[in-house]
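Student: Could you look at this predicted model? Sequence included:
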Amino acid sequence: MKNSFRLYQTHPWLLSFLFVALAAQHVAAQTAPPPLLLGAAWYPEQWPESRWNVDLELMQNANIHVVRVGEFAWSTFEPEEGKYDFDWLERAINLAGQHGIFVVIGTPTAAPPAWLTQKYPETLRVDENGQRAEHGNRQHFNWADPKYREFCRDIAGRMAKRFGHNQYVIGWQIDNEYSQTSADEGTRKQFQDWLKARYGSLGNLNTKWTTVYWSETYSGWSQIPIPKNGGIDSGNPGLLLAWRRFVSETWRSYQKNQIDVIRPNIKPGAFITTNTMGWFKAFDHYTVEQDLDLAAWDDYIPDGHIDPAGNGAAHDLTRGFKEKNFWVMETQPGFVNWAPVNQSIEKDGVRALAWHDIAHGADAVSFWQWRSALNGQEQYHGTLIGADGTPVPLYPEVKQIGEEFARAGSVLANTHVESEVAILHSYESRWAIEWQPQTIEFDPVEELVRYYRPLRELSQSIDIVPPSTSLAKYKLVVAPAMDLLTDAESKNLMDYVTGGGNLVLGPRSVMKDEENSLQTNRQPGPLVPLLGGRVERFYATKKVFPVQGAWGSAEAHIWAELLSVESPDTTVLMRYGKSNGWLDGQPAVITRKVGKGSITYIGMCMDDAGMQHAAKWMIDTAGVQTPLIKVPAGVEASVRYGDKNAVHILVNFSSTPQTITLPAPLDDVLHGGMITTVQLPVYGVAVLNAKR
Ligand code: GLA
């Protein structure tokens with residue numbers, strides 16, 4: 001391999017041609033995609049057709065087995081209204097297939113062509129200052145506009161009819177990274193109609209939103225505005241929430257408009273997805289993902305520094321959308337071009353990250369992008385091939401990932417993550433805090449990750465799921481900042497506890513109801529009787545307060561709630577020390593056993609050391625299984641389970657080499673043989689197979 005790499009460095013073209021013969025043999029046997037897929041975003045329309053074969057050979061040589069195509073190519077598919085050209089894509093897909101490369105087709109609707117937006121300007125989105133977008137970028141369309149939807153339906157339907165049964169096309173991606181909304185008059189009217197359908201009468205809406213406040217009372221539906229600036233600095237909380245719900249449902253119908261013409265025209269088993277952006281919060285992903293087969297996200301590390309807990313939590317969030325394995329539809333080949341400093345991931349880090357993706361339940365890792373277009377907005381972004389068409393220094397590392405995916409594929413096929421611990425996440429709660437943060441230092445996602453970090457280390461597996469989901473299978477459910485819960489969600493949590501589950505509520509829990517109104521029974525709202533205690537007062541703080549008790553000594557910062565105990569069997573676990581006077585000596589954490597289960601309220605943001613103790617207590621109290629393989633700090637351990645096997649994936653994200661002693665001999669999937677000790681260099685990876 002070393003020799004071939006040297007040859008490749010000096011004669012890059014030669015080697016790619018040498019692989020053709022090998023590839024042809026391989027292709028003959030390739031009828032279904034391998035279980036673990038390595039991929040790249042490929043834009044054949046940006047290159048002369050004579051180049052395609054070389055690119056595909058280079059991909060094949062790197063063990064790339066999937067390309068995503070078609071995204072943004074509308075002006076090539078339909079250069080004039082009603083004049084279509086899909087032949088080139090058919091040739092590109094079939095050529096890819098001949099190289100053992102399967103295809104995901106992206107619908108091009110994130111980039112409508114100039115003829116379309118010029119002739120039908122209503123398809124362009126309008127910002128909150130009334131400014132209509134212009135052509136020349138992407139995402140300039142109006143997601144609510146009926147005319148735009150007609151065009152989307154037409155192009156997506158034609159593509160599905162043409163390629164839906166192509167043997168190499170395994171999936172469909174709708175649009176790209178939904179994000180931009182529109183504040184035009186047509187959308188405003190749709191929003192008002194949506195409100196009418198939801199609230200029935202203005203009287204009901206006025207009551208639910210308490211519009212007597214500041215004389216906000218509406219006497220006609222047409223008076224209701226679209227909130228400005230996403231509502232961050234203005235707007236009635238009920239209105240803000242309703243708008244985001246409308247936005248989410250409008251993305252869902254935007255997507256469904258395309259699903260409805262794609263689904264009937266594609267072969268059974270082909271999936272439909274869209275690519276989301278981690279914690280992106282402008283719409284409720286749980287609403288939008290309902291109609292998809294597969295969740296997929298674009299995993300970027302803009303500063304080049306991998307935080308396995310932060311990135312792992314985003315994976316687990318995405319896995320939670322469909323509560324099953326997902327795809328990393330885009331990831332960076334080294335670096336991006338849109339951060340303040342686009343630092344590269346270090347050598348071997350890209351491979352470590354790819355295995356971290358798989359460890360969290362990804363079945364595909366696809367790089368954005370294969371090669372930079374010679375012009376266009378993203379020239380500096382990382383790629384696998386340079387502007388000269390030959391591999392960049394990262395290419396051999398990617399090739400290694402591909403070889404390892406091939407080696408580990410059969411062991412990891414049909415395996416998935418099984419967690420005993422769930423962390424609850426809700427967009428509505430995040431929005432509620434975002435609109436009225438009380439302290440800009442409280443970030444709901446950071447707070448969630450503060451819980452995630454020590455819990456993940458102890459349990460090696462966490463699901464991140466919405467509060468509406470079925471919770472019975474979890475031994476421990478942690479809800480870090482569920483500021484807003486609907487009555488149904490509150491009931492779901494209470495049923496979980498009375499059914500024997502262990503629920504831990506974090507600070508800022510259940511302050512608001514379904515309309516973003518204050519709960520009338522203080523925090524945690526309907527859960528107060530079950531907890532046998534409540535929040536008497538909340539305090540934002542720039543100071544750090546000492547806390548002591550069953551978890552030792554800790555520090556409260558950012559947010560501290562004064563708790564009280566109302567039931568004789570509710571006990572105080574931690575108390576504030578001398579702090580702001582109000583909190584001195586008062587309960588900071590309370591807990592109550594409920595049958596076989598328990599409910600606990602943590603009323604403050606705690607320092608990392610305190611969180612470690614808290615996490616240990618939670619894991620012990622809930623009886624969460626201790627992991628088979630003990631790893632040192634900085635090594636991430638994960639497990640994927642099949643019916644008969646358990647695959648342990650270890651990735652060393654620490655800055656020193658690590659040696660790990662296994663509790664029993666395990667099968668070393670990447671190198672072969674049974675081993676009892678694992679040596680991991682920095683960014684080293686081990687994949688270990690065990691019987692279940
Ligand atoms: C997003 C988009 C891609 C590309 C990358 C660059 O994820 O989906 O088209 O712009 O960002 O990082």
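Tutor: Happy to help now that I have it. Numbering: from 1, shown residues only.
Student: what's the helix or strand for whichever residue of the stretch 251-400 of the chain sits closest to the ligand?
Tutor: Nearest residue of the stretch 251-400 of the chain to the ligand: D298, at 3.9 Å (CB to the nearest ligand atom). (Glycine included, C-beta is placed from N, CA and C.) Assigned by DSSP states H and E, D298 belongs to strand 296-299.
Student: Just the mean pLDDT for the helix or strand following that strand, thanks.
Tutor: Beyond strand 296-299 on the C-terminal side, the first helix or strand identified by DSSP H and E is helix 308-322. Helix 308-322 shows an average pLDDT of 98 in the prediction.
Student: Heading C-terminal from helix 308-322, find the next helix or strand.
Tutor: strand 326-331.
Student: tally of neighbours for A359?
Tutor: Number of residues near A359 (other CB atoms under 10 Å) recorded here: 27.
Student: Okay, it and G39: tell me how far apart.
Tutor: 18 Å (CB to CB, to the nearest Å).
Student: Same check on E134?
Tutor: 33 Å.
Student: related to what we said a few turns ago, report the contact partners of the residue of the stretch 251-400 of the chain closest to the ligand.
Tutor: 177, 275-278, 328-331, 368 (CB atoms under 8 Å, 6 or more residues apart in numbering).
Student: from those, which are also near the ligand?
Tutor: Among the contacts of D298, proximity to the ligand is found for 177, 330, 368 (CB under 6 Å from any ligand atom).
Student: chain center to stretch 158-176: distance?
Tutor: 23 Å (CA atoms, centre = their mean, to the nearest Å).
Student: Sorry, wrong one. I was asking about stretch 109-121.
Tutor: For stretch 109-121, the separation from the chain centroid amounts to 30 Å (computed by CA atoms, centre = their mean).
Student: which parts of this protein sit against the ligand?
Tutor: So far as CB under 6 Å from any ligand atom goes, the chain lies against the ligand at 176-177, 298, 300, 330, 336, 368, 378, 381.
Student: Can you go through the residues you listed and name the buried ones?
Tutor: 176-177, 298, 300, 330, 336, 368, 381 (16 or more other CB atoms under 10 Å).
Student: ok, those vs C605, which is closest?
Tutor: Of all these, the one sitting nearest C605 is Y300; the distance, using CB to CB, is 27.1 Å.
Student: circling back to that earlier point, contacting residues for the closest residue to the residue of the stretch 251-400 of the chain closest to the ligand other than its chain neighbours?
Tutor: Leaving aside its chain neighbours, D298 sits nearest to E330 (3.8 Å; criterion: CB to CB, 6 or more residues apart in numbering). E330 makes contacts with 41, 275, 298-300, 366-368, as judged by CB under 8 Å, 6+ apart.
Student: Is F538 in contact with S509, as I believe?
Tutor: No: applying CB atoms under 8 Å as the test, F538 and S509 come out as separate, 10.5 Å apart.
Student: Need the residues touching each of these two.
Tutor: Q523.
Student: shaky segments in the chain?
Tutor: The model of the chain has pLDDT under 70 over residues 1-30, 230-233.
Student: longest strand in it, by residue count?
Tutor: strand 533-549 (DSSP state E).
Student: got the buried residues for that strand?
Tutor: Within strand 533-549, the residues scored as buried using 16+ other CB under 10 Å are 533-536, 538-539, 541, 545, 547, 549.
Student: so how far is it off the chain centroid?
Tutor: 32 Å.
Student: ok, back up a step: of all the contacts of E330, which comes closest to T656?
Tutor: Looking across these and measuring by CB to CB, the closest to T656 is D299, at 25.4 Å.
Student: Wait, the closest one touches D357, no?
Tutor: Yes: with contact defined as CB under 8 Å, D299 reaches D357; the gap is 6.8 Å.
Student: any shared contact partners between these two?
Tutor: Common neighbours of D299 and D357 are listed as 315, 328, 331 (criterion: CB under 8 Å, 6+ apart).
Student: which strand residues sit across from the second one in the sheet?
Tutor: Spelled out, it's V328. Per DSSP bridges, the residues bridged to V328 are W297, V365.
Student: I'd like to know how far it sits from I401.
Tutor: Distance, V328 to I401, using CB to CB: 12 Å.
Student: list the residues that contact both of those two?
Tutor: The overlap between the contact sets of V328 and I401 (CB under 8 Å, 6+ apart) consists of V365.
Student: how far away is E555 from the ligand?
Tutor: 38 Å (CB to the nearest ligand atom, to the nearest Å).
Student: What of L56?
Tutor: 21 Å.
Student: In three-state terms, label that residue for me.
Tutor: helix (DSSP: H, G, I helix; E, B strand; the rest coil).
Student: State the distance from it to P44.
Tutor: Per CB to CB, L56 is found 9 Å from P44.
Student: What of E216?
Tutor: From E216 to P44 the distance is 54 Å (CB to CB).
Student: Those two: which is more packed in?
Tutor: Just comparing E216 and P44: by other CB under 10 Å the higher neighbour count belongs to P44, 24 against 16.
Student: from memory the more buried one sits against A92, does it?
Tutor: Yes: contact criterion CB under 8 Å: P44 and A92 qualify, at 4.1 Å.
Student: Common neighbours of those two, please.
Tutor: By CB under 8 Å, 6+ apart, P44 and A92 have these common neighbours: 52, 69.
Student: hmm, back to that, compute the distance from the centre of the strand holding D298 to the centre of its chain.
Tutor: 6 Å.
Student: Confirm that I272 lies within a strand, as I assumed.
Tutor: Yes: counting by three-state DSSP, I272 is located in a strand.
Student: Quickly list what it is bridged to.
Tutor: What pairs with I272, by the bridge criterion (DSSP bridges), is W172.
Student: was I right about it contacting R263?
Tutor: Yes: counting by CB under 8 Å, R263 is a contact partner of I272 at 6.7 Å.
Student: quick one, what contacts the residue nearest to R640 when sequence neighbours are not counted?
Tutor: In space, not counting the residues next to it along the chain, R640 is nearest to T415; the distance is 3.8 Å by CB to CB, 6+ apart. If you count contacts by CB under 8 Å, 6+ apart, T415 has them with 640-642, 645, 647.
Student: Good, we can wrap up now.
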